[in-house]
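In: Starting from these lines, generate the structure:
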Amino acid sequence: MKLGLQLGYWGAQPPANHRELVAAAERSGFDSVYTAEAWGSDAYTPLAWYGSDTERLRLGTSVLQLSARTPTACAMAALTLDHLSGCRHIVGLGVSGPQVVEGWYGQKFPKPLARTREYIDIMRQVWAREAPVTSAGPHYPLPLDGDGATGLGKALKPIVHPLRNDIPIFLGAEGPKNIALAAEIADGWLPLFFTPRLADQYNGWLDEGFARAGARNTRETFEIAAVAQIVLTDDRDAAYAAIKPFLALYMGGMGSEDTNFHAEVYRRMGYSDVVDEVTALFRSDRKEEAAAIIPDAVVADSAIVGDEAHVREQIGVWEAAGVTTMLVSPGSVAEVERLASLIQ
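Out: Next comes the predicted model:
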């Protein structure tokens with residue numbers, strides 16, 4: 001089992017201690033550090049900023065939003081960071097949801113699986129640098145032609161020669177089809193609300209992708225880097241209470257009332273009634289009540305809360321379920337060091 005430091009995206013202000021956390025992760029033997037983006041801070045700028053202080057940590061995004069960049073722009077950023085870091089970059093991608101894609105980026109959301117497939121194909125063409133990059137579309141046609149175009153577009157190869165033509169791509173995926181797609185065309189899967197209890201279900205979806213013609217990896221070469229809320233404490237009640245507002249936001253407040261992919265994850269986990277109640281309260285601006293009604297068992301299903309013995313045991317359970325890296329979010333240098341000691 002490996003550990004990754006999940007820095008996430010910023011709140012109202014930049015976090016004050018992320019540089020110290022990254023340095024501690026490097027010293028303590030963490031495998032990687034990850035940044036994210038929503039509709040505030042971007043993922044690449046802080047990753048490059050903090051990554052410049054490191055020599056060994058892999059530098060990942062969990063996740064970049066597809067609609068924030070054209071595939072060639074994303075490929076340019078990736079090959080640039082891969083050069084600067086000495087081949088330590090992992091490109092973590094996700095489609096986000098229609099509320100963000102259409103409301104923030106002004107892009108169309110439909111056909112997310114087809115868009116993802118086309119996007120990754122273009123990125124790998126850029127890194128291969130074997131020929132000018134072209135795409136028949138329909139989502140990212142290159143060169144652009146047709147209505148509204150000048151017709152002067154030219155297929156190009158990147159000026160910079162990439163260090164690698166196989167920069168790893170991980171997909172943030174929550175639904176069965178997207179998880180199967182990750183196994184088929186990507187190098188890893190980034191689950192957000194992972195529960196070892198459903199390992200057989202996940203494996204079935206992954207195996208579908210591995211079995212497809214031309215699949216890029218096998219189970220032995222595929223990575224699963226799962227977000228893992230680990231809280232070392234003797235006061236589980238307090239820890240559960242602190243986690244519940246986060247779950248209420250993702251379960252009841254993300255996306256729209258009818259289209260919330262995070263909520264669907266919890267429905268597949270068997271908590272449809274909880275999701276309905278949380279959503280109704282959260283969208284009635286009763287956020288504290290929404291968090292309060294979430295049972296402790298729902299939190300415990302995808303988080304590890306307890307003393308060192310319990311946490312060590314559960315890390316083993318997650319590893320047996322197929323997870324290769326646990327993405328954790330310690331709040332202090334001491335927590336970074338304590339977590340690292342549990343897997344050594």
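In: For the helix or strand containing Ala239, which residues meet the burial criterion?
Out: Of the helices and strands defined by DSSP states H and E, Ala239 is found in helix 236-248. Neighbour-count burial for helix 236-248, with 16 or more other Cβ atoms under 10 Å as criterion, is recorded at 236, 239-240, 242-244, 247-248. Every C-beta, even on glycine, is put in place using the N, C-alpha and C of the backbone.
In: could you pull out the helices for the stretch 201-344 of the chain?
Out: In the stretch 201-344 of the chain, the segments counted as helices under DSSP state H, counting those that start in this stretch are 236-248, 261-268, 272-282, 287-292, 296-302, 308-320, 333-342.
In: And for the stretch 51-200 of the chain?
Out: 71-85, 98-103, 112-128, 176-185, 199-210.
In: With respect to Arg283, which of those lies nearest?
Out: Within the helices of the stretch 51-200 of the chain, the stretch nearest Arg283 is helix 98-103; the backing value is 12.9 Å (Cβ to Cβ).
In: just how off-centre is that closest one within its chain?
Out: Relative to its chain's centre, helix 98-103 lies at 18 Å (Cα atoms, centre = their mean, to the nearest Å).
In: Contacts for it next, please.
Out: Contact partners of helix 98-103, identified using Cβ atoms under 8 Å, 6 or more residues apart in numbering, comprise 38-39, 65, 67, 95, 107-109, 254-256, 259.
In: Please repeat the previous calculation with a cut-off of 10 Å.
Out: 37-39, 65-68, 95-97, 107-110, 112, 115, 254-256, 259-261 (Cβ atoms under 10 Å, 6 or more residues apart in numbering).
In: Next, the buried residues of it.
Out: By 16+ other Cβ under 10 Å, the buried positions in helix 98-103 come out as 98, 100-101.
In: Just give me the closest of these to Ser28.
Out: Comparing those against Ser28 with Cβ to Cβ picks out Val100 as the nearest, at 33.9 Å.
In: Report the central residue of this structure.
Out: The structure's the chain has its C-alpha centroid closest to Ser62; by Cα atoms, centre = their mean the separation is 3.2 Å.
In: Was I right to think it contacts Ala228?
Out: No: look at Ser62 against Ala228 with Cβ atoms under 10 Å: they stay out of range, at 12.0 Å.
In: hey, what's in contact with both of the two?
Out: Common neighbours of Ser62 and Ala228, using Cβ under 10 Å, 6+ apart, are 4, 6, 327.
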